[in-house]
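need a 3D model of the following:
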Amino acid sequence: MKLSPTEEELMNHLWSLKKAFMKDLLDAYPEPKPASTTISTLLKRMQEKEFVAYKAFGNSREYYPLVTKENYFSKHINALIKNFFNDSPAQFASFFTKKTQLSDEELIEIKADIDNLLNKK
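Numbers count the residues shown, from 1 in each chain. Next comes the predicted model:
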C-alpha cells in the first residue's frame, strides 16, 4: 500500500521524530502549519493503512511508525524497477546514473558502494 504525498510528508516527520504527540508533529511543520484536524485525519488514514500506531496516555496519543523509511521506499523502488525498467535493476541504475546530474564525488561514492558489495560476495 502507498501513502499519499501529504501522508508521506507527515510520515517523514514521524520517522525523524521516531515517536510523537500531535503537538510534536504540528511543530515539525513549517509555517503555515496545517490544522490539527488535518493531521488527525491523516493519522487516522495512516493507521487504517497500518503505517502508524499509537500508545494512549490519558487523552493524549503518542504516535509511532510501524514501517521503517527504508522498507517503505525499498518496496516502491522495486515496484518502479519492475514496472518501468523491465524488472531490470541494471536498466534502472544505468538510467539513474545517466539522467540525474550526479557530481563526480557522488559517482565515486556509488562506485565504492558497488565495489564493497561485490567484495562481500
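
care to break the protein down by domain?
Listed by automatic domain parsing, the domain ranges of the chain are 5-65, 69-120.

what sits closest to the residue nearest to the spatial centre of the chain if chain neighbours are left out?
In the chain, the centroid-proximal residue (CA atoms, centre = their mean) is residue 69; its distance is 4.2 Å. Nearest non-adjacent residue to residue 69, counting by CB to CB, 6 or more residues apart in numbering: residue 15, 4.6 Å away. Placement of C-beta: from N, CA and C, glycine included.

same for the host helix or strand of that neighbour, what does it pack against?
Taking DSSP states H and E as the definition, residue 15 sits inside helix 5-17. Using 3 or more CB pairs under 8 Å, 6 or more residues apart in numbering; DSSP states H and E as the contact test, the elements touching helix 5-17 are helix 22-28, helix 36-48, strand 60-65, helix 69-84.

tell me which residues are up against the last one.
Residues from elsewhere that reach helix 69-84 (CB atoms under 8 Å, 6 or more residues apart in numbering): 2, 3, 11, 12, 15, 51, 87, 88, 89, 91, 92.

run the chain-centre distance for it.
Mean C-alpha position of helix 69-84 versus that of the full chain (CA atoms, centre = their mean, to the nearest Å) differs by 11 Å.

buried residues, that helix. List them.
72, 81 (16 or more other CB atoms under 10 Å).

how about stretch 91-110?
residue 92.

average pLDDT for it?
In this model, stretch 91-110 carries a mean pLDDT of 85.

quick one: the residue lying closest to residue 11 once chain neighbours are set aside and residue 102, what's the gap?
Excluding its sequence neighbours, the residue lying closest to residue 11 (CB to CB, 6+ apart) is residue 3, at 5.9 Å. Plainly put, residue 3 is 27 Å away from residue 102 if you go by CB to CB, to the nearest Å.
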